[in-house]
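Novice: Compute the structure for the input listed below.
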Amino acid sequence: RANRLARRLRRLGVRVDEPVAICADRSPALIVGLLAILKAGGAYLPLDPSYPSERLAFMIEDGLDGVAKPVLLAQVDLLAASVAGAGARLVDLDSAAGPASDADATPLDGGAGPDNLAYVIYTSGSTGRPKGVMSTHRGVVNRIAWAQRAYGLTPDDRVLQKTPVSFDVSVPELFWPLAVGARLVLGRPGGQRDPAYLMRRIEEQGVTTVHFVPPMLQVFLAQLSQTAQTGLDRCRSLRQVMASGEALPAELAARFHELLGGTAELYNLYGPTEASVEVTAHRT
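Specialist: Residues are numbered from 1 along each chain as shown. This is a model prediction of the structure:
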């Protein structure tokens, strides 16, 4: 499906180093869309459908400025009409990423190299005005290769993807398991805010690797405590938990080890979006 969509994007004029906006809820279609953009040689520019339409319109206008033939891949029911018409050709992601028997599904040479753009992620910046951070394939590949050397996923591992794609932590969640043959487990849209749902998803899918920002890790551990031994048993598949995005308090790390230290490791990561997600790591 990604190969078919990549060929369509190429016919629409997508070229190396050119961002393609993508707006979708977490779903298989989103994964197909991201892969298709990369396969076509472009860079993906994620738009969070929960953002106000004014912010989305700004990101489209700013991020696609200078692109000769701008393209917006979207689940169209998620976009306001004003945003959908913000100067980019709209491609319905749900239909474009669906099965098609009459299209060429062979890979194409996207033409992108290590120093070409892989994605553009907007951060709030120090001024509060969104800023597009441009990341290269070299940076992303370096980050994934390091993670594999450090933490070694296998085909038996299952990685929970729950970070919105508009945040850089989603990059290793998405592409690290796919790069090494592990299973990518998608959380439902909005599920990252529901600790009870996350616990069920971890149990049902045998998730081994998950990322939390420290405040959500605190809420998740509180949920485990409330369900006592039953909750702990449901999360026994976890073997490594990554925390980043904010400072990890020592007392929170200690609580993690009280509850899950018998089976899982906790890693404290830090890095700016400009440096391809993370640059430091510590095993607590």
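
Novice: ok, then the element right after the host helix or strand of residue 253?
Specialist: Secondary structure from DSSP states H and E places residue 253 in helix 250-260. Scanning forward in sequence from helix 250-260 by DSSP H and E, the next helix or strand is strand 265-270.

Novice: what about the strands in the chain?
Specialist: Using DSSP state E, the strands of the chain run over 19-23, 43-47, 71-74, 89-92, 117-123, 131-136, 158-161, 183-186, 209-212, 240-243, 265-270, 280-283.

Novice: Any chance of JSON lines for these, columns mean neighbour count?
Specialist: Bear in mind the C-beta positions are built from the backbone N, C-alpha and C, glycine included. JSON lines is the format used below for the strands of the chain (neighbours: other CB atoms under 10 Å):
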{"stretch": "strand 19-23", "mean neighbour count": "26"}
{"stretch": "strand 43-47", "mean neighbour count": "25"}
{"stretch": "strand 71-74", "mean neighbour count": "26"}
{"stretch": "strand 89-92", "mean neighbour count": "16"}
{"stretch": "strand 117-123", "mean neighbour count": "22"}
{"stretch": "strand 131-136", "mean neighbour count": "17"}
{"stretch": "strand 158-161", "mean neighbour count": "22"}
{"stretch": "strand 183-186", "mean neighbour count": "18"}
{"stretch": "strand 209-212", "mean neighbour count": "26"}
{"stretch": "strand 240-243", "mean neighbour count": "22"}
{"stretch": "strand 265-270", "mean neighbour count": "18"}
{"stretch": "strand 280-283", "mean neighbour count": "12"}
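
Novice: What about residue 246, how many residues nearby?
Specialist: Residues lying near residue 246 (other CB atoms under 10 Å) number 12.

Novice: picking up where we left off before, compare the strands of the chain and say which comes out lowest on pLDDT.
Specialist: With a mean of 90, strand 89-92 has the lowest mean pLDDT of those.

Novice: Now do that strand: which elements does it pack against?
Specialist: Applying 3 or more CB pairs under 8 Å, 6 or more residues apart in numbering; DSSP states H and E, one finds that strand 89-92 contacts strand 71-74.

Novice: ok so, going back, quick one: average confidence on the helix holding residue 253?
Specialist: Confidence for helix 250-260, expressed as mean pLDDT, is 96.

Novice: Contacts for it, please.
Specialist: Residues outside helix 250-260 that contact it (CB atoms under 8 Å, 6 or more residues apart in numbering) are 214, 217-218, 221, 224-225, 232, 235, 238, 241, 264, 266, 268, 284.

Novice: Same question for stretch 201-209.
Specialist: 151, 153, 156-160, 177, 182-183, 185, 187, 191, 210, 234-235, 237-242.

Novice: Tell me where the longest helix sits in this protein.
Specialist: helix 137-151 (DSSP state H).

Novice: what's the angle between that helix and strand 265-270?
Specialist: If you take axes from the mean of the first three to the mean of the last three CA atoms, to 10 degrees, helix 137-151 sits at 150 degrees to strand 265-270.

Novice: From here on, call the first residue 31.
Specialist: Let's use 31 as the start, then, which means that last one is helix 167-181.

Novice: Would you indicate which residues of helix 167-181 are buried?
Specialist: Judged by neighbour count using 16 or more other CB atoms under 10 Å, the buried positions of helix 167-181 are 167, 169-170, 173-174, 176-177, 181.

Novice: Alpha carbons only: can I get it in PDB?
Specialist: The C-alpha trace of helix 167-181 is given here as PDB (Å, rounded to 0.1, in the frame of the first residue of the first chain):
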ATOM      1  CA  HIS A 167      17.700  10.800   7.400                       C
ATOM      2  CA  ARG A 168      21.200  10.600   8.900                       C
ATOM      3  CA  GLY A 169      20.000  11.800  12.200                       C
ATOM      4  CA  VAL A 170      17.000   9.500  12.300                       C
ATOM      5  CA  VAL A 171      19.000   6.400  11.200                       C
ATOM      6  CA  ASN A 172      21.700   7.300  13.800                       C
ATOM      7  CA  ARG A 173      19.100   7.400  16.600                       C
ATOM      8  CA  ILE A 174      17.500   4.100  15.600                       C
ATOM      9  CA  ALA A 175      20.800   2.400  15.100                       C
ATOM     10  CA  TRP A 176      21.900   3.600  18.600                       C
ATOM     11  CA  ALA A 177      18.700   2.400  20.200                       C
ATOM     12  CA  GLN A 178      19.100  -1.100  18.600                       C
ATOM     13  CA  ARG A 179      22.700  -1.400  19.900                       C
ATOM     14  CA  ALA A 180      21.700  -0.200  23.300                       C
ATOM     15  CA  TYR A 181      18.400  -2.000  23.800                       C
END
